[in-house]
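Participant: pasting the structure only:
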C-alpha cells in the first residue's frame with residue numbers, strides 16, 4: 001500500500017516537471033509570419049478599334065480569254081477564186097472584201113433574167129392591145145356567112161314553096177290517073193304485071209318522092225340545120241374571142257409572170273453580188289483556207305473569222321449564282337500584263353446549270369483595254385458580288401471560336417476583357433463585317449486571345465488603331 005502511493009506520487013511529479021519544460025520551450029519559440037498574397041497576372045495583347053467602313057464580297061474565278069464572236073466563213077456562190085485580198089492575221093472592217101469569185105456565169109444569169117422580164121412585160125403589153133382590126137373583120141365575115149347558110153336552109157321563099165307545091169301536085173295527079181287506069185282492069189284478077197299496075201307503082205313512088213322533096217323544101221330537117229348551126233356558133237365564138245381575147249384572170253396571170261421574172265432577176269443579182277466575199281463584222285482573219293484558183297462552194301469553209309472583242313467564260317457554282325447578275329462589275333488580271341487591272345462587266349448568265357458540274361456559265365467582257373487583249377490569254381476574274389458602304393468592321397484576327405461560335409474579347413475601361421459572341425457577315429483578307437455583338441468604337445483584342453478568359457486583365461502592347 002505504501003509502495004503504491006509512493007509510485008503514484010513519483011509519477012505525478014514527473015508529469016508536472018515535463019509540462020513545465022514544454023511550456024518554457026514554447027515560450028522561447030518565435031511566432032511564424034503569414035505569406036503575402038500572390039500578385040494578379042496581366043496578359044499582354046494587341047488591340048484594334050472597331051469602326052465603320054466599306055466592305056465588299058469579291059468572288060474569284062479563273063478562265064481563258066476567247067473571241068466574243070467566231071465563225072466559219074462560207075461563200076454564198078460557187079466557182080473559182082479570182083483573187084484573195086487578205087492574209088491570216090489581217091484586221092478588217094465589216095463589209096471589207098476578203099476574196100472574189102469569177103463572175104462570168106453569174107453575169108450571164110443576170111442577162112438571161114433581164115430578157116425574161118422584158119419578155120413577160122411585152123406579153124402583157126400585147127394582151128392590152130387586143131386583136132388587130134383585120135382579125136376582127138375576118139371573124140365578123142365568117143359569122144355572117146355562117147348565118148346566111150343557116151338562113152338559106154331554115155327559111156323557104158315563096159318561089160321555092162310554089163315550085164315544091166307544083167311538083168307535088170303533078171305527082172299527085174299522075175298517081176290519080178294511074179290509079180284510075182289500074183282500077184279499070186283490077187276486076188280481071190292477076191293484074192300485077194300489067195302495064196296499068198306498073199304505071200300505078202311508078203306513080204306512087206314519084207308521088208312519095210315529090211312529097212318528101214316538098215317537106216324538105218318547105219320544112220328543113222335537124223340533120224340539115226345542125227352542121228350549119230354548129231358552123232355559125234363556132235364563127236360567133238371566134239368573133240367574141242377576137243373582140244375580147246383575154247379575161248381579167250389572163251391579165252393577172254401575165255402580171256404574175258412579170259413578178260416571177262423580176263424575182264428571178266433579183267435572185268440573179270444577189271448571186272452575182274455573192275461573188276465578192278465580205279467580212280461579216282469588224283475582226284481578224286484567224287485562218288485562211290483558199291488561194292487564187294481554188295474552187296469553192298457554199299459548203300466550203302474559206303476562212304475562220306473572229307472578232308477583236310474578247311470575253312472570259314467562268315463556271316460559277318450553284319451556291320454563288322444568286323449573287324451574280326447581268327451588268328455586274330468585274331475586274332480582270334491578265335498574266336501577260338502583271339500588275340494591271342482590266343475592268344469588265346458580266347454580259348450573260350446561263351439560264352440553267354451544267355448537269356455534270358452543277359455550275360453556271362457566266363461570260364465577262366472587258367470594258368477597257370480591249371485592244372491589248374487576245375484570245376487564249378489566261379485571266380483571273382474578280383466579281384463584285386455584294387458591297388456595303390457603311391458597315392461595322394473589325395480585323396479578321398480579332399475573331400476567335402468559342403463553343404463553335406464566333407466571339408471577340410472586348411477591352412473594357414479597367415483593362416479587363418469581356419468575352420462576347422458576335423454575328424459576322426462579309427469579309428476580305430483584312431477585315432470582317434460585324435452584324436451584332438459589338439459597337440462602333442469598342443476596342444477588341446487582335447493577338448493573344450489564346451491566353452484570355454472572360455474578365456482577364458490585359459496590357460495593350462500597341463496603340464489601338466482603326467480596323468482596316
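Facilitator: Yep, that arrived. Everything numeric in this text was worked out from a predicted model, so none of it was measured.
Participant: show me where the stretch 201-350 of the chain has helices.
Facilitator: Along the stretch 201-350 of the chain, counting by DSSP state H, counting those that start in this stretch, helices occupy 222-243, 248-273.
Participant: mean pLDDT lowest where, among those helices?
Facilitator: The weakest mean pLDDT among those belongs to helix 222-243, with a mean of 82.
Participant: low pLDDT regions in the stretch 1-150 of the chain?
Facilitator: Scanning the stretch 1-150 of the chain for pLDDT under 70 picks out 1-40.
Participant: please enumerate the strands of it.
Facilitator: 42-49, 51-67, 70-73, 79-84, 91-92, 97-101 (DSSP state E, counting those that start in this stretch).
Participant: figure out which of those is closest to residue 214.
Facilitator: strand 79-84 (87.7 Å; CB to CB). Bear in mind the C-beta positions are built from the backbone N, C-alpha and C, glycine included.
Participant: partner strands of that closest one, with direction?
Facilitator: In the sheet, strand 79-84 lines up against strand 97-101 (antiparallel), strand 295-296 (antiparallel) (DSSP bridges).
Participant: so how far is stretch 126-133 from its chain's centroid?
Facilitator: How far stretch 126-133 lies from its chain's middle: 53 Å, per CA atoms, centre = their mean, to the nearest Å.
Participant: can you tell me what sits against that stretch?
Facilitator: With contacts defined as CB atoms under 8 Å, 6 or more residues apart in numbering, stretch 126-133 is touched by 242-246, 250-251, 254.
Participant: and that stretch, what's buried?
Facilitator: residue 131 (16 or more other CB atoms under 10 Å).
Participant: returning to what we had before: and of the helices of the stretch 201-350 of the chain, who's closest to residue 48?
Facilitator: Across those, closest to residue 48 is helix 248-273 (CB to CB), at 72.8 Å.
Participant: could you pull out the buried residues of stretch 363-377?
Facilitator: 363-366, 373, 375, 377.
Participant: can you tell me the distance between the two ends of that stretch?
Facilitator: Start-to-end span of stretch 363-377 (CA to CA, to the nearest Å) is 15 Å.
Participant: what about that stretch, average pLDDT?
Facilitator: The average pLDDT within stretch 363-377 is 89.
Participant: Serialize the helices of the stretch 201-350 of the chain to TSV and add fields for mean neighbour count.
Facilitator: Below are the helices of the stretch 201-350 of the chain laid out as TSV (neighbours: other CB atoms under 10 Å):
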stretch	mean neighbour count
helix 222-243	14
helix 248-273	14
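Participant: so which of those gets nearest residue 286?
Facilitator: Among the helices of the stretch 201-350 of the chain, helix 248-273 sits nearest to residue 286 (CB to CB), with 24.9 Å.
Participant: helices or strands up against that closest one?
Facilitator: In terms of contacts (3 or more CB pairs under 8 Å, 6 or more residues apart in numbering; DSSP states H and E), helix 248-273 is packed against helix 104-129.
Participant: check the offset of the helix it packs on from the chain's centre.
Facilitator: Taking mean C-alpha positions (CA atoms, centre = their mean), helix 104-129 and its chain are 39 Å apart.
Participant: ok and that helix relative to helix 248-273, angle-wise?
Facilitator: Calculated by axes from the mean of the first three to the mean of the last three CA atoms, to 10 degrees, helix 104-129 forms an angle of 160 degrees with helix 248-273.
Participant: buried residues in helix 104-129?
Facilitator: 106, 109-110, 113-114, 116-117, 120-121, 124.
Participant: touching, residue 382 and residue 329? I think so.
Facilitator: No - if you go by CB atoms under 8 Å, residue 382 and residue 329 don't touch, sitting 9.3 Å apart.
Participant: so between those two, which is more surrounded?
Facilitator: Higher neighbour count among residue 382 and residue 329: residue 382, with 18 against 15, using other CB atoms under 10 Å.
Participant: beta partners of that one?
Facilitator: Note on residue 382: beta-bridge partners residue 60, residue 331, judged by DSSP bridges.
Participant: how's this protein carved up into domains?
Facilitator: Following automatic domain parsing, the chain resolves into domains at 70-102+275-306, 107-130+249-273, 309-466.
Participant: how near is the closest residue to residue 372 other than its chain neighbours to residue 361?
Facilitator: Nearest residue to residue 372 in three dimensions, chain neighbours excluded: residue 337, at 6.7 Å (CB to CB, 6 or more residues apart in numbering). Per CB to CB, to the nearest Å, residue 337 is found 25 Å from residue 361.
Participant: likewise for residue 186?
Facilitator: For residue 186, the distance to residue 361 - CB to CB - is 130 Å.
Participant: same thing with residue 65?
Facilitator: Taking CB to CB, one finds residue 65 at 15 Å from residue 361.
Participant: out of the two, which sits in the busier spot?
Facilitator: Using other CB under 10 Å as the criterion, residue 65 and residue 361 rank with residue 65 on top: 23 against 16.
Participant: any idea what that one is bridged to?
Facilitator: On the basis of DSSP bridges, residue 65 is bridged to residue 312.
Participant: the residue nearest to residue 93 when sequence neighbours are not counted: neighbour count?
Facilitator: Using CB to CB, 6+ apart and skipping residues adjacent in sequence, the residue nearest residue 93 is residue 282, 5.4 Å away. Residue 282 has 15 neighbouring residues, counting by other CB under 10 Å.
Participant: and residue 282, what does it touch?
Facilitator: Applying CB under 8 Å, 6+ apart, the residues contacting residue 282 are 91-94, 307-308.
Participant: for whichever strand or helix holds residue 166, buried residues please.
Facilitator: Element membership for residue 166 (DSSP states H and E) is helix 158-185. In terms of neighbour count (16+ other CB under 10 Å), helix 158-185 has its buried residues at 164, 167-168, 171, 174-175, 178, 181-182.
Participant: show me what that helix packs onto, helices and strands only.
Facilitator: Looks like helix 158-185 contacts helix 195-218 (3+ CB pairs under 8 Å, 6+ apart).
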